[in-house]
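J.: mind folding the following:
(one chain, ligands or ions: 1)
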Amino acid sequence: MTIEPPPWRATVLTLFPEMFPGPLGISLAGKALASGLWALEARDIRASATDKHRSVDDTPAGGGPGMVLRADVLAAAIDAADVQDRPRLVMSPRGRPLTQARVAELAAGPGPLIVCGRFEGIDQRVIDARGLEEVSIGDYVLSGGEIAAMTLIDACVRLLPGVMGKLASGTDESFSDGLLEYPQYTRPQVFEDRQIPDVLISGDHARVAKWRLAEAEALTAARRPDLWAAHPKAPESGRKRKPPKITTGE
Ligand code: SAH
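T.: As a prediction, this is how the structure comes out:
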């Protein structure tokens, strides 16, 4: 008898568990969920409320608009979940922006616990006391962490073993090599007088690979100077400033 390791698992703490699996129950992620390649647990933060009104939020200390999620309720919700050594994340516009590299790390682990904020956010003390890592999905503000959590989970799930048909599709795409992906085409061969580039129907795999790399590099340089500056082929990257010399004062 072989004992299967437990599948990758996302545990989401939310005031709206009914939002899950939502889009994660469809297509690639949904099929993988149904076949047990990963597991999803949406836990209701409100179940950890203790007062008779089951309140989860209160007005901000120091004044200001909106409500803040209470530290005691959220801490109880985290402690009631099976956290163990799993990454503990909280979705937050103040967090470190999510990258494909971080997604790949999270996909390689046991799967995270993810806290979804609502209202004006959550009491800082629970972030500190439970060592939550703040993760942002971009420089804009959503009304809650659920869609951000779904974004993160979706990005992880497609990298899990067995989820994508061809392994290559995970390694060849945008960001995996620090480049945006080359343009894609499929039949029909002519669409509104626009042809598929000749090289792609040449059958010459080496030429195709060369063309794709050149397109990816040109696209990255034009659209994402930030990514391109870090690429070994970028003109500047060879002439990076040397670290300052340490002078001993002698
Ligand atoms: N007042 C807060 C925003 C609260 S938005 C601020 O200015 O920073 C309510 C919740 O939505 C947040 O607690 C967070 O969980 C989620 N959220 C909003 N924008 C997000 C983003 N860009 N990335 C990740 N989570 C986000």
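J.: model confidence over the host helix or strand of residue 42, on average?
T.: Secondary structure from DSSP states H and E places residue 42 in strand 38-44. Regarding strand 38-44, the rounded mean pLDDT is 98.
J.: just use 343 as the starting number from now, easier for me
T.: Yes, from this point I'll number from 343; that puts the last item at strand 380-386.
J.: who touches it?
T.: For strand 380-386, the external contacting residues (Cβ atoms under 8 Å, 6 or more residues apart in numbering) are 348-357, 359, 361-363, 366, 371, 374-375, 419, 422-423, 453, 495, 499, 502, 505. All C-beta spots, glycine's among them, are computed from the backbone N, C-alpha and C.
J.: just the buried residues of those residues.
T.: 349-350, 352-357, 359, 361-363, 366, 371, 374-375, 419, 423, 453, 495, 499, 502, 505 (16 or more other Cβ atoms under 10 Å).
J.: out of these, which sit inside helices?
T.: When these are checked against helices (DSSP state H), the matches are 371, 374, 375, 419, 495, 499.
J.: about what we covered before: run me through the strand neighbours of the strand holding residue 384, direction for each.
T.: Here strand 380-386 has these sheet partners by DSSP bridges: strand 350-356 (parallel).
J.: hmm, the partner strand touching the ligand?
T.: No - on the criterion Cβ under 6 Å from any ligand atom, strand 350-356 is out of touch with the ligand, staying 9.6 Å away.
J.: torsion angles phi and psi at residue 475?
T.: phi -90, psi 120 (degrees, to the nearest 10).
J.: return the set of residues that bridge with it.
T.: residue 431.
J.: can you give the distance of the helix or strand containing residue 417 from its chain's centre?
T.: If you go by DSSP H and E, residue 417 is part of helix 413-422. How far helix 413-422 lies from its chain's middle: 24 Å, per Cα atoms, centre = their mean, to the nearest Å.
J.: one more: stretch 461-469?
T.: Centroid separation for stretch 461-469 versus its chain: 21 Å, with Cα atoms, centre = their mean.
J.: buried ones in that stretch?
T.: Neighbour-count burial for stretch 461-469, counted by 16+ other Cβ under 10 Å, picks out 461, 463, 464, 465, 468, 469.
J.: what about the ligand: which of these touch it?
T.: Contacts with the ligand within the buried residues of stretch 461-469, counted by Cβ under 6 Å from any ligand atom: 463, 464.
J.: for the ligand, state which of the buried residues of stretch 461-469 is nearest.
T.: Nearest to the ligand among these, counting by Cβ to the nearest ligand atom, is residue 463 at 4.1 Å.
J.: so of the buried residues of stretch 461-469, which ones are in helices?
T.: 468, 469.
J.: send the alpha carbons of the helix holding residue 417 over as PDB?
T.: Presented in PDB, the C-alpha positions along helix 413-422 are these (Å, rounded to 0.1, in the frame of the first residue of the first chain):
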ATOM      1  CA  ALA A 413      -7.600  41.300  15.900                       C
ATOM      2  CA  ASP A 414      -9.100  39.000  18.500                       C
ATOM      3  CA  VAL A 415     -11.700  37.500  16.100                       C
ATOM      4  CA  LEU A 416      -9.200  37.000  13.300                       C
ATOM      5  CA  ALA A 417      -6.600  35.500  15.600                       C
ATOM      6  CA  ALA A 418      -9.100  33.000  16.800                       C
ATOM      7  CA  ALA A 419     -10.100  32.100  13.200                       C
ATOM      8  CA  ILE A 420      -6.400  31.600  12.300                       C
ATOM      9  CA  ASP A 421      -5.800  29.500  15.400                       C
ATOM     10  CA  ALA A 422      -8.800  27.300  14.700                       C
END
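J.: what's the neighbour count on whatever residue of the chain ends up closest to the ligand?
T.: Closest to the ligand within the chain is residue 459: 2.0 Å, counting by Cβ to the nearest ligand atom. Neighbours of residue 459 under the rule other Cβ atoms under 10 Å: 26.
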